[in-house]
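S.K.: Structure here, sequence nowhere to be found:
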């Protein structure tokens, strides 16, 4: 537990002192020793919970090897308080993509590295979170009240991330509930 606190203190330090940080171990085909508590790390600052202030987005991969690692995706508000946390196996970043193109452990590891590196690309941030032209879909809209609130706020900011090939998630900060919620989940 203490090691986890120290690792995330380092994350916060990195997030507060740089606009964009990416640390990875050189593309190695061998399992990577955990020298700093993580195998891969990426972070970016971007407006989210408040349109005029920067939140810190962090993704960290920990474990004995990339194929057996865990991912922690966390968002911190401008004051440094955690407002969103999602954890999942690193293999969810490789998902069920074309099996032939990921037919070896090395290719899967490289694909996971790429997904972590691109996790916070500019096209993942949605401004506004829900445009005036968007409509709800009963099968995929997670919270209709949140959807309506986001649609009424042209300054709302959403974030999209993909797990596997078919688990696309859109999240945003709810002004009403004062927390980050998933408002869309689809293939």
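M.R.: All right, it came through fine. Not measured: the values here are computed from a predicted model.
S.K.: For this structure, give me the ranges with low pLDDT.
M.R.: 1-36, 96-101 (pLDDT under 70).
S.K.: care to break it down by domain?
M.R.: Annotated domains of the chain cover 1-120, 122-187 [automatic domain parsing].
S.K.: Just the residues contacting stretch 126-136, thanks.
M.R.: For stretch 126-136, contacts defined as Cβ atoms under 8 Å, 6 or more residues apart in numbering pick out 144, 147, 150-151, 153-160, 170, 172, 183. Heads up, the C-betas are built off the backbone N, CA and C, glycines and all.
S.K.: swap the cut-off to 6 Å and go again
M.R.: 144, 147, 150-151, 154, 156-158, 172 (Cβ atoms under 6 Å, 6 or more residues apart in numbering).
S.K.: And these, which is closest to residue 106?
M.R.: Checking those against residue 106 by Cβ to Cβ gives residue 158 as the nearest, at 34.4 Å.
S.K.: so what's the residue nearest the centre of the chain up against?
M.R.: Geometric centre of the chain, nearest residue: residue 73, 4.8 Å, by Cα atoms, centre = their mean. Taking Cβ under 6 Å, 6+ apart, we find residue 73 in contact with 59, 86.
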